[in-house]
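Engineer: How does the following fold in three dimensions:
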Amino acid sequence: MLFRRVWKIVRRQIWQLTYPKPYWHMRHYDSRFGMTRDERWVEVQWRGQPVADLVRLHDIPTGSDSIAIIASGPSLLRTPPSAWQGRDIACVNGSILWAREHNLRPRFYVVTDPGFVMNRLDLIELATELADVICLSVRCLFEVLRQRPDMFRDKQLLVFDNVNQPYGRHLYTREELIANPLAEVDRVRDYEGRHIGVCTDLSLGVFAGGTVVLAAAQIAIACGYRDVQFVGLDMKQYGTRRRFYDERKPQPSFIDRNFAHLILPSFEALRRYCDRHGVALCNWSPDSAIPSDLVPPVPRGQALASVAE
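Structural biologist: Reported below is the predicted structural model:
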C-alpha cells in the first residue's frame, strides 16, 4: 500500500515534468490501454488486443421519445410504476439492482466514477447481463479493463470522454467549447478549475457535473429523447441512508462537498440547454435537493405512493 502511494506521487511528478499541463490528465492511463477514433471512438485495445466493439449513438435502440433515468436515492422505493411505465429506462451505478428486482431491461447503463468501478465491479458485470448498452467514461473503462479485460467481449459498449479530461487530447478552452452549438458552458469554473456545463456532442464528451445522473441525461438527449424523467434523484441523505439499497460497505459520496459549486450549477446549465433545445425535464423525487425551478416535480400525490400501497 505504501509503495503504491509513493509510486503514484512519483508518477505524477514525472508527468508534470515531462508533459505540457494541458495533457496532465493522461497520467491516469498506461501503455496497456489504447483507443483509436475518427469522429467517435472506434476501437479499444488492452495489451494490443481488441477488447470491445464500440457502438455509436444511432446504434442505441429507442422505443420512445421519453426516458426515465433511474438514480439510487431512497425515494425510489416509494415511487409508483407510472414513473417508468411506457418509457425507456436508463440506470446508473447501483440502480441496476432495482432493474433486476423489477425484471426490467434498461436501454443503457452509465458509470462515470472510477471509484465505483474499483469498489463495485460486480454491479457493472450485472449490467452487462441486463442492459442493452453499457456506457462508460474512458477512465472508467480503463479501470474495468485493469481488473477484467474480457468483460465486454460480445457486449454493446458506448465510450465517452469527460469534457474536462479528454483522452489523448489537450484540455479544451472555454472558447473551443462554446463554439459548439451542442454545448452549454457556464462562465464560472469549479474550485479545481474545471469547466461547468452540458454537452450532447459525444465527439467532445460530456460534463461529469459531480453526479452520474447528469452524464446520463446528456447521453439521453444526444440519443434523441425529448422528455427526460428523473427517478430517485434525491441528492440528500435520509437518516443514515443515501441509497435505496443496503450497502455492506457504503460507497463514499461527494454530493455534500460538490453540491453548491458543481452539481447545482451543472443542473442550471442543463435547464438552459433543455429550454434552448425543447427538451422537457421532470423530477419524481418528492423531496429532492434539486430546486423545482431547475427540474420541475410531478404533483406530489402522483409522485409518492404510500408505504401501505
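
Engineer: Ramachandran angles for the closest residue in space to E43 that isn't next to it in sequence?
Structural biologist: Counting by Cβ to Cβ, 6 or more residues apart in numbering, E43 lies nearest to T36, which is 4.9 Å off, once chain neighbours are set aside. C-beta: built from backbone N, CA, C; applies to glycine. T36 adopts backbone torsions of phi -120, psi 150, taken as degrees, to the nearest 10.

Engineer: what's the answer for D154, then?
Structural biologist: Main-chain dihedrals, D154, degrees, to the nearest 10: phi 60, psi 20.

Engineer: Show the pLDDT at it.
Structural biologist: Among the per-residue scores, D154 holds a pLDDT of 85.

Engineer: I9 now?
Structural biologist: On pLDDT, I9 comes in at 69.

Engineer: sorry, back to before: run a quick neighbour tally on the residue nearest to E43.
Structural biologist: By the criterion of other Cβ atoms under 10 Å, T36 has 10 neighbours.

Engineer: looking at it, it is touching V159, isn't it?
Structural biologist: No. The pair T36 / V159 is not scored as a contact, 11.5 Å apart, by Cβ atoms under 8 Å.

Engineer: pLDDT below threshold where in the stretch 151-300 of the chain?
Structural biologist: Along the stretch 151-300 of the chain, segments meeting pLDDT under 70 span 188, 190-191, 237-255, 299-300.

Engineer: quick one: the helices in it?
Structural biologist: Under the criterion DSSP state H, counting those that start in this stretch, the stretch 151-300 of the chain carries helices at the ranges 174-178, 212-223, 255-258, 264-277, 300-303.

Engineer: Point out the most buried one among those.
Structural biologist: The highest average neighbour count among the helices of the stretch 151-300 of the chain, using mean count of other Cβ atoms under 10 Å, belongs to helix 212-223 at a mean of 26.

Engineer: about what we covered before: Y29 is nearest to which of the helices of the stretch 151-300 of the chain?
Structural biologist: When the helices of the stretch 151-300 of the chain are compared for distance to Y29 using Cβ to Cβ, the nearest one is helix 212-223, at 19.5 Å.

Engineer: where's the closest one relative to the chain centroid, distance-wise?
Structural biologist: Mean-position distance between helix 212-223 and its chain equals 7 Å (Cα atoms, centre = their mean, to the nearest Å).

Engineer: how close does the residue positioned nearest the centre of the chain sit to N162?
Structural biologist: Centroid-nearest residue in the chain, with Cα atoms, centre = their mean: V212, separated by 3.3 Å. Computed with Cβ to Cβ, to the nearest Å, the distance linking V212 and N162 is 11 Å.

Engineer: overlap in contacts of those two?
Structural biologist: When contacts are counted by Cβ atoms under 8 Å, 6 or more residues apart in numbering, V212 and N162 have T112 as shared neighbours.

Engineer: hmm, back to that, contacting residues around the residue nearest to the centre of the chain?
Structural biologist: Counting by Cβ under 8 Å, 6+ apart, V212 makes contact with 92-93, 110-113.

Engineer: let's go with 6 Å and repeat that
Structural biologist: With contact taken as Cβ atoms under 6 Å, 6 or more residues apart in numbering, V212 is in contact with 92-93, 110, 112.
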